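> Any chance you could fold what I've pasted below:
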Amino acid sequence: MKNGKLQNYIAYVDGKFVPQTEAKISIYDSALMFGDMVFEMMRTFNHEHFLLDEHLERLYAGMKFLKIPEPMSRLEMKKLYNETMEKNADFFDEKEEMRPLINVSRGILPIYQDVYGQALKPNLVISVFPLRWTIGATYPNYLNGISMYVASQRAIPADLLEPKVKNRSRMHYQLANLEMREIGPHAWALLLDTDGFIAEGTGSNIFLVKNGKIYTPEGRNVLRGITRRYVMSLAEELKISCEEKNLNVYDLYQADEAFVTSTPYCIVPVTKINGVAIGNGKPGPMVTKLLDFWNKKVGVDIVGQVKYYSETGTQSSSNPFVELKR
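Next comes the predicted model:
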C-alpha cells in the first residue's frame with residue numbers, strides 16, 4: 001500500500017479539488033440538518049470501476065425522487081468522477097483497490113442563504129479511500145459465515161420513507177446496529193418490514209437457498225442493491241432459479257444456506273440466525289458457486305483479496321456493519 005494517510009487523498013468539493021482533511025461543507029447544509037443527501041459508494045476490481053453506470057443511474061434516480069437539482073449531467077458527473085480517481089491513482093498500487101464515494105446534498109438551507117450570499121444549489125462531494133479500510137479484517141466472515149439477529153427496529157416502509165432512494169437519513173439502521181452491539185461484537189442486524197416479512201440488513205440485501213433455488217425479499221421495502229441485482233444476473237447466467245418473494249424468519253430457519261450481498265464484500269455467507277444454525281451451520285455450495293463465477297467475471301479472487309488485506313494490515317473492524325453499502 002503506497003499511502004495510508006487520509007490527508008494525502010484528494011476530494012472534489014463544490015467546484016474544487018482539496019486534500020480530504022480540508023474537505024468541508026457548511027454546518028447549515030441540508031445534509032446536516034435533515035440527512036437530506038443521496039450518495040453512492042463503489043469499488044474497483046483490478047482498478048476497474050465496477051458497475052459505475054448502474055450506481056450513477058441510481059444516484060440520479062434518487063436526486064429526481066427527492067427533487068434535488070442535478071449539479072451536472074450524468075456524463076459530466078462521470079467525467080468528474082474519473083478525474084477525481086485519476087488524481088488519487090498514485091496512492092494505489094496494483095494490489096490496492098479503490099472505494100469511491102459520491103455525496104450530493106440539496107445545499108445550504110434557504111434561511112441561511114443570505115449569510116452565505118448565494119442561492120440554493122446542490123453540494124457535490126467526490127472522494128475515494130482504500131477498499132481495505134472497509135473489508136480488511138473480514139476474512140473470517142467468508143470462512144465461518146456471519147451471525148444475524150432480528151432487530152427490534154423495523155425497516156421503514158415505502159409509504160413512510162422510500163427505501164429505494166439511497167439517502168443519508170439512516171437512523172433506523174443505526175438503532176439496529178446499536179442493538180447488535182449489545183448482543184456482541186459479531187452480531188449483524190436483520191430488519192423485518194412492518195408486516196413481519198424479512199426486509200434487509202443495515203446496508204446489505206439478504207438471500208436464502210432452498211433445494212437448489214435462491215430466494216430474496218421483494219423489492220418493495222428495501223434498498224434494491226446494485227450487488228443484489230448483479231447476483232440475480234449471475235444466477236440467471238448459471239441457470240439457477242432466483243425468485244423475489246415475501247419471506248418469513250421461519251424460512252431462514254428452514255433454509256439450506258443464506259448469504260448477504262453488498263458492494264464492498266460482494267457475497268458473505270450467513271450461517272446463523274438468532275443463534276440457530278442455518279443448514280449445517282457452515283458456508284454452503286451456492287455461495288462458493290456464485291463467488292467462483294464472479295471471480296472469473298472480474299479476474300479477481302475476491303476472498304483471496306480479503307485474506308491478503310487481513311494479513312497485511314487494515315483499519316477496519318471484525319464487524320464493519322457501518323461500512324456495508326450496496
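
> In the strand or helix carrying residue 75, which of the residues would be classed as buried?
Element membership for residue 75 (DSSP states H and E) is helix 74-88. Neighbour-count burial for helix 74-88, with 16 or more other C-beta atoms under 10 Å as criterion, is recorded at 77, 80, 81, 84, 85, 88. (Each C-beta comes from the backbone N, C-alpha and C, glycine too.)

> Contacts for it, please.
The set of residues external to helix 74-88 that reach it, using C-beta atoms under 8 Å, 6 or more residues apart in numbering, is 9-12, 17, 49, 52-53, 56-57, 59-60, 71-72, 98, 100, 102, 126-128.

> about what we covered before: show me which pair in the buried residues of helix 74-88 is furthest apart.
Based on C-beta to C-beta, the longest span within these runs between 77 and 88 and measures 17.0 Å.

> buried subset of the contacts of helix 74-88?
If you count burial by 16+ other C-beta under 10 Å, the buried members of those come out as 9-12, 49, 52, 56, 59-60, 71, 98, 100, 102, 126-128.

> Out of those residues, which two sit at the greatest distance?
Taking every pair in the buried ones among the contacts of helix 74-88 and measuring C-beta to C-beta, the maximum separation is 25.1 Å, between 9 and 60.

> Now the most far-flung residue of the chain relative to its centre: phi and psi?
Distance from the centre of the chain peaks at residue 114, with 36.6 Å (C-alpha atoms, centre = their mean). With angles defined as degrees, to the nearest 10, residue 114 shows backbone torsions of phi -60, psi -30.

> go on, residue 49?
Recorded main-chain torsions at residue 49 are phi -80, psi 120, according to degrees, to the nearest 10.

> what bridges to it?
The partner list for residue 49 in beta bridges (DSSP bridges) reads residue 44.

> State the pLDDT value of it.
Each residue has a pLDDT score; the one for residue 49 is 98.

> what residues are up against it?
Taking C-beta under 8 Å, 6+ apart, we find residue 49 in contact with 42, 85, 98, 100.

> Point out the ones among the buried ones among the contacts of helix 74-88 that are inside helices.
When the buried ones among the contacts of helix 74-88 are checked against helices using DSSP state H, the ones located there are 52, 56, 59, 60.

> Distance to residue 251 and pLDDT added to the residues you listed, as JSON lines?
What follows is those, written out as JSON lines (distance: C-beta to C-beta, whole Å; pLDDT from 0 to 100):
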{"residue": "52", "distance to residue 251": "34", "pLDDT": "98"}
{"residue": "56", "distance to residue 251": "34", "pLDDT": "98"}
{"residue": "59", "distance to residue 251": "33", "pLDDT": "98"}
{"residue": "60", "distance to residue 251": "35", "pLDDT": "98"}
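
> quick one: low-confidence ranges for the stretch 101-250 of the chain?
Residues of the stretch 101-250 of the chain that meet the criterion pLDDT under 70 lie in 118.

> repeat that for 90
With pLDDT under 90 as the threshold, the stretch 101-250 of the chain has low-confidence stretches at 109-121, 185.

> Endpoints of stretch 215-231, how far apart?
Using C-alpha to C-alpha, to the nearest Å, the gap from the first to the last residue of stretch 215-231 comes to 11 Å.

> Residues contacting that stretch, please?
Looking at stretch 215-231 with C-beta under 8 Å, 6+ apart, the contacting residues turn out to be 51, 54-55, 58, 155-158, 163-164, 166, 193-194, 197-200, 204-209, 232, 242-247, 251, 261-263, 266-267, 290, 326.

> Quick check: ChimeraX command selecting the buried ones in these.
Buried residues within the contacts of stretch 215-231, by 16+ other C-beta under 10 Å, are selected in ChimeraX with:
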select :51,55,58,155,156,163,164,166,193,197,198,199,200,204,205,206,207,208,209,232,242,247,251,261,262,263,266,267,290,326
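
> Keep only those of the contacts of stretch 215-231 that are in helices.
Taking DSSP H as the definition of helices, the contacts of stretch 215-231 contribute 54, 55, 58, 232, 251, 290.

> isn't the second one right up against residue 43?
No - Residue 55 is not in contact with residue 43 according to C-beta atoms under 8 Å; the separation is 9.9 Å.

> Dump stretch 76-89 to PDB, keeping only the CA atoms.
The C-alpha coordinates for stretch 76-89 follow below in PDB (Å, rounded to 0.1, in the frame of the first residue of the first chain):
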ATOM      1  CA  GLU A  76     -20.300  15.300 -16.800                       C
ATOM      2  CA  MET A  77     -20.600  13.600 -13.400                       C
ATOM      3  CA  LYS A  78     -18.800  10.500 -14.800                       C
ATOM      4  CA  LYS A  79     -16.100  12.600 -16.300                       C
ATOM      5  CA  LEU A  80     -15.500  14.500 -13.000                       C
ATOM      6  CA  TYR A  81     -15.600  11.200 -11.100                       C
ATOM      7  CA  ASN A  82     -12.900   9.800 -13.300                       C
ATOM      8  CA  GLU A  83     -10.800  12.900 -12.900                       C
ATOM      9  CA  THR A  84     -11.000  12.600  -9.100                       C
ATOM     10  CA  MET A  85      -9.900   9.000  -9.300                       C
ATOM     11  CA  GLU A  86      -7.000   9.900 -11.600                       C
ATOM     12  CA  LYS A  87      -5.800  12.500  -9.100                       C
ATOM     13  CA  ASN A  88      -5.700   9.700  -6.500                       C
ATOM     14  CA  ALA A  89      -4.300   6.900  -8.700                       C
END
